[in-house]
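[1] The sequence isn't on hand, but the structure is:
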């Protein structure tokens, strides 16, 4: 004889406490998680950042080479203006630039408009030859509308001739 099967009675499972526990566990693990791996904590090197001077640094009155980068209002092109502060250095630089046949040089030239980075590198090299003191400083004064590539090219030419101590001329923020 066949046996009569009983009907299964369904059951209801309330999911609310399970969801609450899940979210409690999730937040617990989020707050106690370690975001830094052990290998990062055991680094074999340290990063030493350069020290920063306050904004009150003043450019020196002597032994200074100024490289101004701006947009020429006549030619509507970006150019470098290269000049030195010491009068004797200006005369010696003018003589060296005249020997190299720098275009547009006159007996009274004290600032050189340079559009080619090769000439800029030559001017940096001559400035270091003219003023052999260890106090020679370079300063870059760039217009805020000039693209960064012009500043980068100037720095590359300066690094090429070991002029690595560079000051950037800035305006003091008002307010």
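    Alright, I've got the coordinates. Nothing here was measured: the structure is a model prediction, and the numbers come from that model. Numbers count the residues shown, from 1 in each chain.

[2] rest of the way, CA atoms for contacts and neighbours
    OK.

[3] Regarding this protein, what is its longest helix?
    In terms of residue count, the longest helix belonging to the chain (DSSP state H) is helix 16-32.

[4] buried sites along that one?
    Residues of helix 16-32 include none that count as buried (16 or more other CA atoms under 10 Å).

[5] got it, and stretch 70-79?
    70, 71, 78, 79.

[6] Kindly report the same for stretch 60-70.
    Result for stretch 60-70 [16+ other CA under 10 Å]: buried residues 63, 64, 65, 66, 67, 68, 69, 70.

[7] Now for the residue nearest to the first one when sequence neighbours are not counted: which residues touch it?
    Nearest residue to residue 63, sequence neighbours excluded (CA to CA, 6 or more residues apart in numbering): residue 136, at 4.6 Å. Neighbouring residues of residue 136 by CA atoms under 8 Å, 6 or more residues apart in numbering: 63, 64, 65, 128.

[8] The third one: which element?
    Following DSSP states H and E, one finds residue 65 within strand 64-71.

[9] What's the mean pLDDT across that strand?
    For strand 64-71, the mean per-residue pLDDT is 86.

[10] So which elements touch whichever helix or strand comes after it?
    The C-terminal neighbour of strand 64-71 among helices and strands, as given by DSSP H and E, is strand 78-84. If contacts are counted by 3 or more CA pairs under 8 Å, 6 or more residues apart in numbering; DSSP states H and E, strand 78-84 sits against strand 64-71, strand 111-114, helix 117-130.

[11] closest to residue 168 out of those?
    strand 64-71 (9.8 Å; CA to CA).

[12] ok so, going back, so can I have a markdown table of the helices and strands packed on strand 78-84 showing distance to residue 96?
    Formatted as a markdown table, the helices and strands packed on strand 78-84 follow (distance: least, CA to CA, whole Å):
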| stretch | distance to residue 96 |
| --- | --- |
| strand 64-71 | 15 |
| strand 111-114 | 13 |
| helix 117-130 | 7 |
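
[13] who wins for proximity to residue 104 among the ones you listed?
    Nearest of the helices and strands packed on strand 78-84 (CA to CA): strand 111-114, 8.5 Å.

[14] which other helices and strands contact the closest one?
    When contacts are defined as 3+ CA pairs under 8 Å, 6+ apart, strand 111-114 sits against strand 78-84.

[15] Now for this structure, the helix or strand with the poorest mean pLDDT.
    Using mean pLDDT, DSSP states H and E, helix 38-41 stands out as the lowest-scoring helix or strand of the chain, at a mean of 56.

[16] Retrieve the pLDDT associated with the closest residue to residue 131 other than its chain neighbours.
    Ranked by CA to CA, 6+ apart and with sequence neighbours excluded, the top spatial neighbour of residue 131 is residue 89, at 6.5 Å. Residue 89 carries a pLDDT value of 85.
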